[in-house]
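Enquirer: Could you look at this predicted model? Sequence included:
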Amino acid sequence: MRRYQKKMLLELTDTLNEAHEQAVKEIKNNNGQMAVGLLGQCQECADSMGEIIQESEGGDSPVIAVLTKYCEKLYEISLDVDKGKASDSYVSKILLRSYNDIKNGIINDIPEKLETVFLPYKASMWDSLESVWKKADADPNCDAYVIPIPYFDRNPDGSAREEHYEGGQYPSYVPVTDFRKYDFEGRHPDRIYIHNPYDEGNFVTSVHPFFYSKNLKNFTDELIYIPYFVLADPDPDNEAQLERLAHFVTVAAVINADKVIVQSEAMRRAYIKIMTEQTGSNTRQYWEQKISGEGSPKFDKIENTKKEDIEIPEDWKKVMQKSDGSMKKLIMYNTGVQALIDNDEKMLDKIEDVLNVFRENKDEVTLLWRPHPLIGATISSMKPHLQQRYAKILEEYLTGGWGIYDDSPDLDRAIILSDAYYGDRSSVVELYKRTGKPIMIENPDILEKEGTGEKDG
């Protein structure tokens with residue numbers, strides 16, 4: 001039986017006990033008709049409880065027998081009350097015993113089963129929830145549902161533009177439930193996991209407003225937020241670092257969730273400090289209880305993915321192999337959203353320059369270009385003047401056929417297969433560090449075509 005159903009049955013049982021006490025008072029005051037009416041209502045309530053239990057546990061549940069016996073007792077007591085033969089002390093004793101039998105039966109004889117829902121919106125961010133889902137899915141006392149939700153790109157004025165639904169892009173081993181076929185209000189899942197930190201506060205995209213954290217909390221006993229990103233662990237005592245981190249922390253999901261799971265204990269301490277400063281020193285204990293540093297599933301995914309288990313697409317192999325059949329070095333080139341926002345046209349200059357350098361060295365090195373999954377939407381929403389030029393750069397790269405363009409949901413494949421990382425500072429860097437392979441951060445101010453070479457790292 002679902003946890004919330006069992007909780008409801010226990011609440012109904014306590015309501016029965018309150019009715020018992022009132023019925024005993026009516027008997028004591030010689031209001032027999034009132035007492036019989038109350039006992040009749042108790043029987044109706046017991047019948048409803050029996051229907052719930054039978055639907056969930058079947059007619060063989062021992063609690064059904066307890067409720068049947070209870071209804072028989074109510075009938076007998078009602079007859080005695082009508083005849084004036086029932087003393088309040090006797091009735092009180094019988095009803096108290098019945099109440100204890102029903103309550104103990106519900107607690108001990110009805111197994112509890114959780115219903116847990118996972119609400120990813122971008123398939124490429126599924127790794128931020130996957131290991132938690134796997135654990136829930138393997139638990140025989142839990143029904144776990146993966147329900148991808150729709151999201152919209154935003155126009156520069158904030159209005160909704162194109163709708164996206166990526167339910168068909170998840171790994172084959174992940175069973176997906178259509179969000180239109182799941183009754184959130186009727187089913188009231190015990191737990192809902194989200195990785196979207198924003199409600200209406202994202203300028204680039206927005207999930208459907210029904211799935212804003214402030215609304216979802218009405219449909220579950222526990223709303224749990226796990227960030228879709230990982231960051232460099234901060235020093236919780238470094239105010240400058242906390243100031244840079246604050247905009248990742250003071251978001252709707254952190255405020256509205258019942259529990260927040262972050263990547264480390266250092267990050268937890270930073271979250272607590274930032275939120276306490278935002279909401280007042282008297283709230284510190286609240287944030288300490290709410291925020292957990294038990295780790296990011298994104299790290300789990302990287303650490304549990306093996307190179308030999310990855311299936312390399314055939315069109316990738318053609319680019320990765322030299323003429324003698326040996327494999328070239330594979331460099332993952334990651335271009336992020338923030339770098340584009342900060343550097344504007346200069347970032348496109350840098351991307352063009354990088355592509356030119358790797359094209360010239362394509363016989364020895366393969367480039368795997370993987371832009372942030374929201375980079376296109378970001379340009380459309382926040383940098384529309386760059387749209388035409390970016391589209392031209394991308395089209396020339398795709399038609400050139402000398403490199404790999406990876407816009408798949410599978411970030412981990414690119415990280416594990418590649419021999420080194422090159423690109424912008426982003427959460428991908430923190431994941432890449434787990435591999436122990438080389439990392440080099442690009443500098444938009446330095447272009448190879450100017451003869452200066454790349455100096456940063």
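Expert: Structure's in. What do you need? Residues are numbered from 1 along each chain as shown.
Enquirer: CA only for contacts and neighbour counts going forward, please
Expert: OK.
Enquirer: any idea how far the most centrally placed residue in the chain is from R413?
Expert: In the chain, the centroid-proximal residue (Cα atoms, centre = their mean) is I194; its distance is 2.4 Å. As for I194, its distance to R413 is 23 Å (criterion: Cα to Cα, to the nearest Å).
Enquirer: repeat for I446
Expert: Shown here: I446 relative to R413, a distance of 29 Å by Cα to Cα.
Enquirer: Ok, Y151 next?
Expert: Here Y151 is placed at a distance of 24 Å from R413 (Cα to Cα).
Enquirer: pLDDT at G451, what is it?
Expert: With respect to pLDDT, G451 scores 51.
Enquirer: and after the helix or strand hosting S78, which helix or strand comes next?
Expert: When secondary structure is defined by DSSP states H and E, S78 falls within helix 62-82. Following helix 62-82 in sequence order, the next helix or strand is helix 88-109 (DSSP H and E).
Enquirer: Now do the buried residues in that next one.
Expert: Within helix 88-109, the residues scored as buried using 16 or more other Cα atoms under 10 Å are D88, V91, S92, L95, S98, Y99, I102, K103, G105, I106.
Enquirer: and the angle from it to helix 62-82?
Expert: Orientation of helix 88-109 against helix 62-82 (axes from the mean of the first three to the mean of the last three Cα atoms, to 10 degrees) gives an angle of 170 degrees.
Enquirer: Show me what helix 88-109 is packed against.
Expert: Contact analysis of helix 88-109 by 3 or more Cα pairs under 8 Å, 6 or more residues apart in numbering; DSSP states H and E lists helix 3-28, helix 62-82 as its packing neighbours.
Enquirer: And the strands in this structure, which stretches?
Expert: When assigned using DSSP state E, the strands of the chain occupy the ranges 114-119, 142-146, 151-154, 160-164, 191-194, 205-207, 222-225, 259-261, 291-292, 329-335, 365-371, 404-405, 420-423, 439-441.
Enquirer: export the ones you listed to a markdown table and tack on mean pLDDT and distance to D349?
Expert: Listed next are those as a markdown table, based on pLDDT from 0 to 100; distance: least, Cα to Cα, whole Å:
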| stretch | mean pLDDT | distance to D349 |
| --- | --- | --- |
| strand 114-119 | 97 | 37 |
| strand 142-146 | 97 | 41 |
| strand 151-154 | 90 | 25 |
| strand 160-164 | 88 | 28 |
| strand 191-194 | 98 | 36 |
| strand 205-207 | 91 | 26 |
| strand 222-225 | 98 | 37 |
| strand 259-261 | 98 | 38 |
| strand 291-292 | 98 | 41 |
| strand 329-335 | 97 | 13 |
| strand 365-371 | 97 | 15 |
| strand 404-405 | 98 | 18 |
| strand 420-423 | 97 | 14 |
| strand 439-441 | 97 | 16 |
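Enquirer: I'd like those strands as JSON lines, with distance to N215 appended.
Expert: Converted to JSON lines, the strands of the chain look like this (distance: least, Cα to Cα, whole Å):
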{"stretch": "strand 114-119", "distance to N215": "13"}
{"stretch": "strand 142-146", "distance to N215": "19"}
{"stretch": "strand 151-154", "distance to N215": "16"}
{"stretch": "strand 160-164", "distance to N215": "19"}
{"stretch": "strand 191-194", "distance to N215": "12"}
{"stretch": "strand 205-207", "distance to N215": "12"}
{"stretch": "strand 222-225", "distance to N215": "10"}
{"stretch": "strand 259-261", "distance to N215": "16"}
{"stretch": "strand 291-292", "distance to N215": "20"}
{"stretch": "strand 329-335", "distance to N215": "33"}
{"stretch": "strand 365-371", "distance to N215": "32"}
{"stretch": "strand 404-405", "distance to N215": "37"}
{"stretch": "strand 420-423", "distance to N215": "37"}
{"stretch": "strand 439-441", "distance to N215": "40"}
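Enquirer: quick one: which of the ones you listed is nearest L242?
Expert: Nearest to L242, of all the strands of the chain, is strand 291-292, at 16.2 Å by Cα to Cα.
Enquirer: Just checking: what are the partner strands of that closest one?
Expert: Partner strands and pairing direction for strand 291-292 (DSSP bridges) are strand 259-261 (parallel).
Enquirer: For this protein, give me the ranges with low pLDDT.
Expert: The chain contains residues with pLDDT under 70 at 449-457.
Enquirer: what residues go with each domain of it?
Expert: Domain segmentation of the chain under automatic domain parsing yields 3-109, 114-300, 307-450.
Enquirer: For the residue nearest to the centre of the chain, list the residues it contacts.
Expert: If a contact means Cα atoms under 8 Å, 6 or more residues apart in numbering, then I194 has F118, L119, P120, L223, I224, Y225, I226 as its contacts.
Enquirer: Tell me, how many residues neighbour F358?
Expert: For F358, the neighbour count with other Cα atoms under 10 Å is 17.
Enquirer: Run a quick check on it versus L367, I expect a contact.
Expert: Yes. Counting by Cα atoms under 8 Å, L367 is a contact partner of F358 at 6.6 Å.
Enquirer: check contacts around the nearest residue to M382 once chain neighbours are set aside.
Expert: Nearest-residue entry for M382: P156, 5.9 Å, with adjacent residues in sequence omitted and distances by Cα to Cα, 6 or more residues apart in numbering. Contacts of P156 were listed using Cα under 8 Å, 6+ apart, and they are S380, S381, M382.
Enquirer: From T116, how far out is D137?
Expert: Applying Cα to Cα, one obtains 9 Å for the distance of D137 from T116.
Enquirer: K135 too?
Expert: Relative to T116, K135 is positioned 11 Å away (criterion: Cα to Cα).
Enquirer: more crowded one of the two?
Expert: Applying other Cα under 10 Å to K135 and T116 shows that T116 carries more neighbours, namely 21 against 11.
Enquirer: Identify the residues contacting that one.
Expert: T116 touches A136, C142, D143, A144, Y145, P189, D190, R191, I192, Y193, counting by Cα under 8 Å, 6+ apart.
Enquirer: how many other residues sit next to the residue nearest to F299 when sequence neighbours are not counted?
Expert: Counting by Cα to Cα, 6+ apart, the nearest residue to F299 once its immediate chain neighbours are dropped is L431, at 6.5 Å. In terms of burial, L431 registers 23 neighbours under the definition other Cα under 10 Å.
Enquirer: any idea how far L431 lies from K301?
Expert: Applying Cα to Cα, the value for L431 to K301 is 10 Å.
Enquirer: List of residues touching the helix holding S78?
Expert: Surrounding helix 62-82, the residues in contact under the criterion Cα under 8 Å, 6+ apart are 27, 32-33, 35-36, 39-40, 43, 46-47, 50, 53-54, 86, 91, 98, 101-102, 105-106, 109-110.
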